[in-house]
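Student: kindly return the folded structure for what I paste below:
(one chain, ligands or ions: 2)
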Amino acid sequence: MKYDAWILSNVWPFNTSAYAEAVEVWHEYRIPIIISTFTILMIVRTVLHTRLPREKLSITPPPASPTLAAEKKIAPVGTGNKKPISEKVTEKVPRRIVGGVKKRNSSQDDVVTGDEKIQVLVFFSSLTTTTEKTAKVFTEGLAQKLKSVNKASRFIEPEILDLSYIDYDEYFINPPKSDSNVQYFYLLLVPTYNIDTVLDNFLEHLQETHNDFRIDTAPLSPLLGYSVFGFGDREGWPTEADGFCSQATDIDKWMAKLTARKRAFPLGMGDPKTDATERLKEWKDGVEDILEHIAETGGLGEGVVGSGDAVESDVEDVDEDDDGEVLFAEQKVAQKKTKSSKKDDMNDMEDLGKTLNKIAAEAEESGEIEIDFTNFSKKAKKPTAAPVIKEMVPKDSPTFNSLTKQGYSIVGSHSGVKICRWTKSALRGRGSCYKYSFYGIASHQCMETTPSLSCSNKCVFCWRHGTNPVGTTWRWVVDPPEMIFDGVKAGHYKKIKMLRGVPGVRSERFAEAMRIRHCALSLVGEPIFYPHINEFLSMLHAERISSFLVCNAQHPDQLATLKHVTQLYVSIDASNRESLRKIDRPLHRDFWERFNACLDILKKRRFEQRTVFRLTLVKGFNIDDEVEGYAALVEQGLPCFVEIKGVTYCGTSSSASAGLTMQNVPFYSEIQEFVLALTAALQKRGLGYGIAAEHAHSCCVLIASDRFKNERGKWCTRIDYQRFFELLEGGGEFRPEDYMGEETPDWAQWGNGGFDPRDERVYRKGKNKVPLAVKAEEEEGGE
Ligand SMILES: Cc1cc2nc3c(=O)[nH]c(=O)nc-3n(C[C@H](O)[C@H](O)[C@H](O)COP(=O)(O)O)c2cc1C
Ligand code: SF4
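Tutor: Ligands and ions are numbered 1, 2, ... in the order given. I've put the predicted structure just below:
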């Protein structure tokens, strides 16, 4: 019997015609039957999957995220009728975060459970050392305090870290790696600068870390907590809306995001000139309390002010809507848009567009800010009001009053002119400054001026800081060069005329002084900062006024485009990066790169114009062990001359606050020693330099390149000014040797002191005949 026939007769209970019909139906409908069955099975599976609670198969946390122990979560106190977030989460599973951004929501994720150690890290940033000094004192005080709290043994000695030197990746992507059971607490003390500083880098790093899709949005949540204190200036930035402590505010916000809102204590702010001490003390007390609390209880505590609780999150940060979804403001707007469009049932794109605009406007009105958390653009900036360009030194400003009290005539809104003490001295026949000994410049015919009272450094030895404005870029009203030129000349002549009646003024010198022959662009500030510096120089040269321009080696772009000057100076205040940072306190974060770029420019220019390195020696800052470093810089820039000058002491509170005292002023014998050592170091390197001249009265010595020796081997450091103007007016190319002047007079040469024998040497009562250290009021203006 065949198998089919056997089945029919033994298994199939019905008759054969019924079977044949069934087979026929199957053949006809088998595809829809299979599809329907499969679909029904899938629906049943999906329903069961979403309804039934699931067991966690693994306890491994997701990469880069600490274990989230839902059991640890404590209901926040003080949230009114709102249910604790953790409860809501378990009620509505799964909890959706629109936009796919991972977010943590409790400050209790990482608690100290028993014997963990607590390490406080105090980060600071400082340009002009206020914050640095304060942070040091603060950290010492905190260390003392933590020794006396309950559970003091939990605390490791707090550590202080400079944001300019640390690797952000080590501290601000994840907490530092530690093999023992140490947990970290971050404190940040930062100033605010509306110019480019290291803080911009830092903020960018925080922002990028938060927005980096590869890492958790809150990778710093394992921290125990953090708090920020900002230093600002209410005089310039009176309110927070004006930018008072704006960078501290930004850091606080980004840290809140990165730590999942573990703000342990509210952002503190203070102005060192007024209330910083008081505000910092309050903040310190609060931070100490919370640290004690952490050591005792293991966490920040929920619901208390400053607990970092989710309820106090920022408006633009995170928000909860009725459905228990955590939505970012952007998506909330988007959701409203969707709901609204559904309600209105409009398919027409034009109408939809109108509705969206309306909703967006509503959202804006209600204070919701649209933030793109999914696409981070560095260029995206907060919309700001159109900038109002201000005057650098307005007539009603404290800076104006202070500068005028010091004898400056302010021209326009950013230029100044002042009579230097050597001009007065020369008028009375009592000697010119070292520029006469070295270069033949008569001080009574010299005008000292600057077209930019602003500077990008805060050198410890500068007698004007506290008064002169600072900045890294020109952000003020620009006065025309003609106005400045006429103004500074008028100011200079006016002051000369006022000296008419001073006892001892020689009539012939007074008459000569009414014709300016030289301009020292070195008074204060940074002359090449002025956008029309080249036009200004042309005006000087057109009147046959020679130009000595001193720049601080921080503006390579401007230096590169600078036209011809009679002598071009670069201040070399230190031989290495760290020393330069300490002494010049530059505002530019890439100050060392800028400095080196300027030296390279100077090197290229050495066959076009006379180039000079100006070294100002400050004992305890930039002399010890730096000879070789300076020699290396000379080798790099190959200047025509190196002027070495002892610092002058101004005795102001700002110099004192920079740690400068009379002890930092070198004796002339120390300058001489340094010059001998430097010359030897240069010669050892095979560089053709020698000591050409000195002016002991100004504590100043000149090292010159052998290029400035004549055929008789004599130094010719003086300048042929007549020739310089002829060459300039000729319009062709020329070299510094082409306007090399006559031989340096014997009395000015090394070993002879440098005082013009035709002048009368006047010693002040009680002063040594050989000046050992010159005070600023004597020396000011003798640039
Ligand atoms: C160029 C410059 C820009 C500044 N910008 C701001 C500012 O935008 N907002 C503010 O509150 N303070 C500003 N300040 C004030 C400093 O933040 C304040 O003086 C601070 O104490 C400096 O700290 P530090 O010297 O330790 O770096 C600025 C100061 C300077 C010199
Ligand atoms: S570069 Fe000159 S003006 Fe500027 S801070 Fe230094 S010494 Fe003062």
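Student: residues near residue 44, how many?
Tutor: For residue 44, the neighbour count with other C-beta atoms under 10 Å is 10. To be clear about C-beta, it is placed using only N, CA and C from the backbone, and glycine gets the same treatment.
Student: for ligand 2, see how far away it is.
Tutor: Separation of residue 44 from ligand 2 (C-beta to the nearest ligand atom, to the nearest Å): 80 Å.
Student: could you chop this protein up by domain?
Tutor: 3-51, 117-319, 331-374, 407-779 (automatic domain parsing).
Student: right, and these - which one's nearest ligand 1?
Tutor: The closest of the domains of the chain to ligand 1 is domain 117-319. By C-beta to the nearest ligand atom, the value is 2.3 Å.
Student: double-check residue 184 against residue 117; I have them as touching.
Tutor: No. Taking C-beta atoms under 8 Å as the definition, residue 184 is not a contact partner of residue 117, at 9.8 Å.
Student: tell me which of the two has more neighbours.
Tutor: A side-by-side neighbour count of residue 184 and residue 117, using other C-beta under 10 Å, places residue 184 first with 22 against 16.
Student: please point out which parts of the longest helix along the chain sit buried.
Tutor: When the chain is parsed with DSSP state H, its longest helix is helix 16-51. Residues of helix 16-51 include none that count as buried (16 or more other C-beta atoms under 10 Å).
Student: pLDDT of it, averaged?
Tutor: Averaging pLDDT along helix 16-51 gives 78.
Student: what do you get for stretch 739-759?
Tutor: Per-residue scores along stretch 739-759 average to 89.
Student: now that stretch: buried residues?
Tutor: 739-741, 743-745, 748-750, 753-756.
Student: what about stretch 230-246, how long is it end to end?
Tutor: Length of stretch 230-246, first residue to last, C-alpha to C-alpha, to the nearest Å: 8 Å.
Student: ok, residues contacting that stretch?
Tutor: Residues outside stretch 230-246 that contact it (C-beta atoms under 8 Å, 6 or more residues apart in numbering): 130-131, 134, 189-192, 194, 247-249, 251, 267-274, 276, 398.
Student: ok, that stretch near ligand 1 or not?
Tutor: Yes. Judged by C-beta under 6 Å from any ligand atom, stretch 230-246 comes into contact with ligand 1 at 231, 232, 233, 236, 237, 243, 244, 245, 246.
Student: which SS class is residue 157?
Tutor: Here residue 157 is strand, with the state taken from DSSP: H, G, I helix; E, B strand; the rest coil.
Student: does it touch residue 143 like I think?
Tutor: Yes. With contact defined as C-beta under 8 Å, residue 157 reaches residue 143; the gap is 5.6 Å.
Student: the two - which one has more neighbours?
Tutor: Between residue 157 and residue 143, residue 143 has the larger neighbour count (other C-beta under 10 Å), namely 17 against 11.
Student: nearest residue to the more buried one other than its sequence neighbours?
Tutor: residue 158 (5.2 Å; C-beta to C-beta, 6 or more residues apart in numbering).
Student: quick one: the one you found from residue 237, how far?
Tutor: 30 Å (C-beta to C-beta, to the nearest Å).
Student: more neighbours, the two?
Tutor: Set residue 158 next to residue 237 and count neighbours by other C-beta under 10 Å: residue 158 wins out with 21 against 17.
Student: so that one makes contact with residue 141?
Tutor: No. The criterion here is C-beta under 8 Å, and residue 158 misses it with residue 141 at 9.7 Å.
Student: center of this protein - which residue?
Tutor: Nearest to the geometric centre of the chain sits residue 197, at 1.1 Å (C-alpha atoms, centre = their mean).
Student: skipping its backbone neighbours, what lies nearest it in space?
Tutor: Counting by C-beta to C-beta, 6+ apart, the residue nearest residue 197 is residue 589, at 5.4 Å.
Student: show me the contacts for that neighbour.
Tutor: 164, 196, 197, 198, 200, 201.
Student: what do you get for residue 745?
Tutor: residue 437.
Student: quick one: it from residue 712, how far?
Tutor: On the measure of C-beta to C-beta, residue 745 and residue 712 end up 15 Å apart.
Student: and residue 741, by the same measure?
Tutor: Counting by C-beta to C-beta - residue 741 and residue 712 are separated by 15 Å.
Student: touching, residue 533 and residue 527? I think so.
Tutor: Yes. Between residue 533 and residue 527 there is a contact under C-beta under 8 Å: 6.1 Å.
Student: mutual contacts of these two, please.
Tutor: Joint contacts of residue 533 and residue 527 (C-beta under 8 Å, 6+ apart) are residue 451.
Student: the two: who's more crowded?
Tutor: Taking other C-beta under 10 Å, residue 533 and residue 527 do not tie; residue 527 has more neighbours (29 against 23).
Student: what's the closest non-adjacent residue to the more buried one?
Tutor: residue 521 (4.2 Å).
Student: give the contact list for that neighbour.
Tutor: Residue 521 neighbours (C-beta under 8 Å, 6+ apart): 449, 450, 451, 527, 547, 548, 549, 550, 565.
Student: likewise residue 252?
Tutor: 228, 263, 267.
Student: element containing the first one, please.
Tutor: For residue 228, the enclosing helix or strand under DSSP states H and E is strand 225-231.
Student: tell me the angle the helix or strand following that strand makes with strand 225-231.
Tutor: Along the chain past strand 225-231, the next helix or strand (assigned with DSSP H and E) turns out to be helix 246-258. Relative orientation of helix 246-258 versus strand 225-231 (axes from the mean of the first three to the mean of the last three C-alpha atoms, to 10 degrees): 170 degrees.
Student: now helix 246-258: mean pLDDT?
Tutor: On average, helix 246-258 scores 93.
Student: pull the distance from it to the chain's centre.
Tutor: Helix 246-258 sits 16 Å away from the centroid of its parent chain (C-alpha atoms, centre = their mean, to the nearest Å).
Student: could you tell me how many residues sit around residue 461?
Tutor: 23.
Student: excluding covalently adjacent residues, which one is nearest to it?
Tutor: Residue 461's closest residue in space is residue 647 (C-beta to C-beta, 6+ apart), at 4.5 Å.
Student: run through the stretch 51-200 of the chain and note the low-pLDDT ranges.
Tutor: Within the stretch 51-200 of the chain, the ranges that satisfy pLDDT under 70 run 51-114, 179.
Student: so which residues on it come close to ligand 1?
Tutor: 126, 127, 128, 129, 130, 131, 132, 191, 192, 193, 194, 195.
Student: just the ones of the residues you listed in strands?
Tutor: If you go by DSSP state E, these have residue 191 in strands.
Student: selection in ChimeraX covering whichever of the residues of the stretch 51-200 of the chain next to ligand 1 are buried, please.
Tutor: To isolate the buried ones among these in ChimeraX, judged by 16+ other C-beta under 10 Å, type:
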select :126,127,128,131,132,191,192,193,195
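Student: pLDDT below threshold where in this structure?
Tutor: Using pLDDT under 70, the chain drops low at 1-16, 48-114, 179, 213, 301-387, 463-468, 649-659, 759-783.
Student: up against ligand 2, what does it have?
Tutor: 455, 457, 458, 459, 462, 524, 525, 552, 571.
Student: surely residue 410 is within a strand?
Tutor: Yes. Counting by three-state DSSP, residue 410 falls inside a strand.
Student: contacts only, for it.
Tutor: 393, 395, 400, 403, 404, 416, 453.
Student: quick check: it vs residue 391, distance?
Tutor: In terms of C-beta to C-beta, residue 410 sits 10 Å off from residue 391.
Student: that's all I had, so thanks and see you.
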